[in-house]
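Colleague: Fold the following and give me the result.
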Amino acid sequence: MKVISIIGEKKSGKTTLIEDLIMRLRDYGSVGCIKHAQELDLDESKDTTRLFNAGAEVVIGSSEHVTLKLSRSKSKSLNLKEQLKDMADSGMDFVLVEGFKSSDLPKIALSTLPDRGRDGDEDGGDGEITNVVMRLSGNPKSYLQEIVELVLKIEDYEV
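Modeller: Predicted coordinates:
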């Protein structure tokens with residue numbers, strides 16, 4: 001399973017780039033995503049959210065084409081390794097991670113983030129940024145083919 005993290009400041013184009021990469025990488029296999037978020041916006045009027053807010057530890061909403069799982073974290077820390085194991089168990093060929101700057105994953109940095117150094121914004125923790133394999137400035141869409149080639153070449157993530 002190939003895994004790469006897209007990091008950058010707010011409004012730097014991370015989500016848009018990941019949307020484009022999903023469409024391109026689907027030609028090569030199954031694609032999963034993990035997104036770091038300070039808070040998740042759930043539609044309070046939906047029954048699935050209401051059941052979760054009532055205190056259920058896990059709620060699974062299922063329709064003909066989509067299954068959604070809401071579960072409470074056992075700890076305050078985001079366990080990226082567990083999430084990546086879930087992706088591997090689901091048979092993903094590629095996982096695109098948005099955020100988690102302090103992880104050891106290979107990273108594509110958008111905008112002005114340093115190659116190494118401290119970072120403390122909302123995007124996955126207060127830690128050292130390492131393993132930046134590509135830095136992009138300007139419109140990330142103009143680098144799409146180059147990014148796809150990079151993702152195809154990176155080593156498989158060991159679960």
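
Colleague: which helices and strands does the strand or helix carrying residue 84 pack with?
Modeller: Per DSSP states H and E: residue 84 is located in helix 80-89. Contacts defined by 3 or more Cβ pairs under 8 Å, 6 or more residues apart in numbering; DSSP states H and E place helix 80-89 against strand 31-35, strand 94-98. Yep, even glycine has a C-beta here, placed from its N, CA and C like the rest.

Colleague: now the angle from the last one to helix 80-89?
Modeller: Pointing back at strand 94-98 there. 150 degrees (axes from the mean of the first three to the mean of the last three Cα atoms, to 10 degrees).

Colleague: ok, residue 154 - how many residues close by?
Modeller: Applying other Cβ atoms under 10 Å, we find 14 residues neighbouring residue 154.

Colleague: Please name the residues that touch it.
Modeller: Applying Cβ atoms under 8 Å, 6 or more residues apart in numbering to residue 154 gives the contacts 2-4, 106, 133.

Colleague: neighbour-wise, which of those residues leads?
Modeller: The residue in these with the most neighbours, by other Cβ under 10 Å, is residue 3 (25 neighbours).

Colleague: Mind splitting this protein into its structural domains?
Modeller: Here the domain parsing of the chain from automatic domain parsing is 2-36+78-153, 39-74.

Colleague: What is the end-to-end distance of the shortest one?
Modeller: Right, domain 39-74. 16 Å (Cα to Cα, to the nearest Å).
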